[in-house]
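Asks: predicted structure and sequence below. I'll ask about it afterward.
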Amino acid sequence: MENPLIAVVNTIQLKNPITRDEARTISLSTAPNYQGVVGLIRKSYLLSEDGSTAGGIYLWYSPAEAEQMYAESWRDFVREKYGADPTVTYFRTPVVVDCNDRRCLRGNKGVSSRGIQEALRRGQGRAKPNALKLPKHGQTDPL
C-alpha cells in the first residue's frame, strides 16, 4: 500500500490581531525556512479575516517527513515569532487536484486527470465518469 499524502493545518490564536500587510511581512521573512525541506510539497500561509488567527497549510509526501517538521524547535520558533502556541492537525490526503498543471497527486505518485477519469469509467471510483472533466483556466470547454 502506498503512503498517502499528508496535509497539515496549523493555527495560531494571536494575542493581538495583525493586518494583512503585517502577515505578508512575517510570511515573507519565514518562507525561506521552508524552501528545500525534505518531503514538503507546498506551504500556504493563512490569516483569518479579522487578523486574530494565523497559520499554514502544508502538503507532505509522508507522515514521517511531516512529523520531523513539528518538533519542539519548530514550536519554539512559532512561539517566538507569533507569541502563542500553534495547534497542529494532520489529515490523510488521498488525492490532490493541482489546477496549475492539471494533474492529480495520489500518494507518492502523480496521476493525470485523464488517468483518474479512466479509473472512474472502469468503476474504480465513486464519482460519475465525467465528474473530473474540468475546464482549463479561463475557458469553459472540458478537457
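Replies: Perfect, thanks for sending it.
Asks: C-alpha only now, for contacts and for neighbours.
Replies: OK.
Asks: can you show me the helices along this structure?
Replies: For the chain, helices defined by DSSP state H occupy the ranges 20-30, 63-69, 72-82, 113-121.
Asks: how does the protein divide into domains?
Replies: The chain resolves into domains spanning 5-93, 95-143 when parsed by automatic domain parsing.
Asks: determine which of the helices of the chain approaches Val9 most closely.
Replies: Val9 sits nearest to helix 63-69 of all the helices of the chain, at 11.1 Å, using C-alpha to C-alpha.
Asks: what's the closest one packed up against?
Replies: For helix 63-69, the helices and strands in contact under the criterion 3 or more C-alpha pairs under 8 Å, 6 or more residues apart in numbering; DSSP states H and E are strand 5-13.
Asks: look at the nearest residue in space to Val8 that is not next to it in sequence and say how many residues are nearby.
Replies: For Val8, the nearest residue in space outside its immediate sequence neighbours is Tyr90; the separation is 4.6 Å by C-alpha to C-alpha, 6 or more residues apart in numbering. In terms of burial, Tyr90 registers 14 neighbours under the definition other C-alpha atoms under 10 Å.
Asks: Tyr90 against Ile6, yeah?
Replies: Yes: in this structure, Tyr90 sits in contact with Ile6. The criterion is C-alpha atoms under 8 Å, and the distance is 6.8 Å.
Asks: give me the neighbour count for Pro4.
Replies: By other C-alpha under 10 Å, 20 other residues sit near Pro4.
Asks: would you mind measuring from it to Ile41?
Replies: When C-alpha to C-alpha, to the nearest Å is the yardstick, Pro4 and Ile41 sit 13 Å from each other.
Asks: just Leu5 next, same as before
Replies: Relative to Ile41, and taking C-alpha to C-alpha, Leu5 is found at 10 Å.
Asks: before we move on, what about Pro17?
Replies: For Pro17, the distance to Ile41 (C-alpha to C-alpha) stands at 29 Å.
Asks: give me every residue that touches Ile57.
Replies: Ile57 makes contacts with 7-10, 43-46, as judged by C-alpha atoms under 8 Å, 6 or more residues apart in numbering.
Asks: quick check: Asp50 touching Asn16?
Replies: No: taking C-alpha under 8 Å as the definition, Asp50 is not a contact partner of Asn16, at 10.5 Å.
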